[in-house]
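1. Need a 3D model of the following:
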Amino acid sequence: MNEKENELKKEIRRLIRLDYIMPEDIPDIELYMDQVIRFMDAHLQKNVRADSADTKTLTKTMINNYTKNKLLPPPEKKRYTKEHIIMLISIYYLKNIVSINDIRKLLEPMQERYFERTDESGRSLSEIYSQIFNLEKRQYFNIENSILRADEIAELKVNGTDDEYIKKLTFIYMLAYDIYSKKCFMEHLIDEIDEAEKRRKEKDSTAAGKAGKSKKTSVKKTAAKTPARSATKSAAKTSARSVTKSAAKTPARSTAKSAAKTSARSATKSAAKTTAKSAKTAADTAMKSTAKINAAQNSDK
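-> This is a model prediction of the structure:
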């Protein structure tokens, strides 16, 4: 390893040693916006380029825009949770590589599945952040080797020239090609995630629609059965009432007719008896009168 390569390695290690927010350093308590901004600045300020116009890693405007563009869930009563900070850290690292729209596509499933909840296996957003954090630390050596390899290729291409500008320009183009290639592949992966999410939502929507139709059909059948049963019961009741009324009226009429006939018969018999008695009495009286007259005539003789 020559002196130039040693110097390059030192430079790489100095520049790519990014400030990380350790999983255990993220507070479990809720913070207001100003507290969130101070927290992010305290841990990521060294990553800001010295002559950058933006000296802050995060501002109120940025947070509000992230919420507006649905990259970040809105706070509860103006307070941000540990999950909010994890989402902000993710946005911080992604925003200089992919578009806001791509970040939204990438983080939207994370919000739906893990924001202040766990998935079916019980995995939380904090656990996912810890896993990714550990992988990023290991990636450090891969990045170093990738940069060294780009430098070697650039040296071979411009070998024989003393123009430092051409050498660095070639080196930069090699790095840019590497970054651009990885960026294109990232965008491809994001598009795949987005398409998969659309298919999943469409499937869920179809399943929900079928379940809704099935429920409506069941309700309609129940509703159809209920009026039919009610109508049957009502008809039965009506019929029973009619029969009861008819039955009640018929005996009443029969009773009235029978009573009338009985009364008429009784009256006729009574009248006949009375007439017979009267006739007998009249006959007896006439016979007595005739006997008296005869007796008187005999006495005169």
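2. From here on, just use CA atoms for contacts and neighbour counts.
-> OK.
3. Quick check: the gap between Leu156 and Lys68.
-> 49 Å (C-alpha to C-alpha, to the nearest Å).
4. who touches whichever strand or helix holds Ser90?
-> In this assignment (DSSP states H and E), Ser90 forms part of helix 82-94. Residues outside helix 82-94 that contact it (C-alpha atoms under 8 Å, 6 or more residues apart in numbering) are 26-30, 36, 57, 71-73, 103, 115-116, 125-126, 129.
5. Please apply the same query to stretch 8-16.
-> Tyr140, Glu144, Ile147, Leu148.
6. same thing with stretch 152-171?
-> Outside stretch 152-171, the residues that reach it (C-alpha under 8 Å, 6+ apart) are Ala150, Asp151, Met174.
7. How about the last one: what's its closest non-neighbour residue?
-> With sequence-adjacent residues excluded and distances taken as C-alpha to C-alpha, 6 or more residues apart in numbering, Met174 is closest to Ala150, at 5.8 Å.
8. Spell out for me the PyMOL command that would select the buried members of the contacts of helix 82-94.
-> Command for PyMOL, covering only those of these found buried under the criterion 16 or more other C-alpha atoms under 10 Å:
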select buried, resi 26+30+36+57+71+72+73+103+115+125+126+129
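9. What is the nearest of the contacts of helix 82-94 to Lys203?
-> Nearest to Lys203 among the contacts of helix 82-94 is Phe115, at 22.4 Å by C-alpha to C-alpha.
10. From Cys184, how far out is that closest one?
-> From Phe115 over to Cys184 (counting by C-alpha to C-alpha), the distance is 28 Å.
11. sorry, back to before: looking at the contacts of helix 82-94, which has the smallest pLDDT value?
-> Least confident of the contacts of helix 82-94 in the model: Glu116, at 84.
12. what stretches of the stretch 201-301 of the chain score poorly on pLDDT?
-> Scanning the stretch 201-301 of the chain with the threshold set as pLDDT under 70 gives 216-301.
13. among the contacts of stretch 8-16, which ones are buried?
-> Burial by neighbour count, judged by 16+ other C-alpha under 10 Å, picks out Ile147, Leu148 from the contacts of stretch 8-16.
14. Tell me, how many residues neighbour Ser214?
-> The number of residues packed near Ser214 is 12, by other C-alpha atoms under 10 Å.
15. residue contacts, it?
-> Not one residue lies near Ser214 by C-alpha under 8 Å, 6+ apart.
16. secondary structure class for it?
-> Applying DSSP: H, G, I helix; E, B strand; the rest coil to Ser214 yields a three-state assignment of helix.
17. need the contacts of stretch 8-16 in a markdown table with secondary structure, can you?
-> Output for those, formatted as a markdown table (three-state DSSP):
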| residue | secondary structure |
| --- | --- |
| Tyr140 | helix |
| Glu144 | helix |
| Ile147 | helix |
| Leu148 | helix |
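18. what's the closest of the contacts of stretch 8-16 to Lys4?
-> Distances from Lys4 to these, taken by C-alpha to C-alpha, are shortest for Leu148, at 11.0 Å.
19. need the contact list for the closest one.
-> Contacts here follow C-alpha under 8 Å, 6+ apart; on that basis Leu148 touches Glu5, Leu8, Lys9.
20. Going through those residues, which ones are buried?
-> Here, 16+ other C-alpha under 10 Å leaves Lys9 buried among those.
21. What about the contacts of Leu148, which are in helices?
-> When those are checked against helices (DSSP state H), the matches are Glu5, Leu8, Lys9.
22. Nearest residue to the first one in space, ignoring adjacent ones along the chain?
-> Spelled out, that is Glu5. Nearest non-adjacent residue to Glu5, counting by C-alpha to C-alpha, 6+ apart: Leu148, 8.0 Å away.
23. Now do the buried residues in stretch 81-91.
-> For stretch 81-91, the neighbour count (16+ other C-alpha under 10 Å) marks Thr81, Lys82, Glu83, His84, Ile85, Ile86, Met87, Leu88, Ile89, Ile91 as buried.
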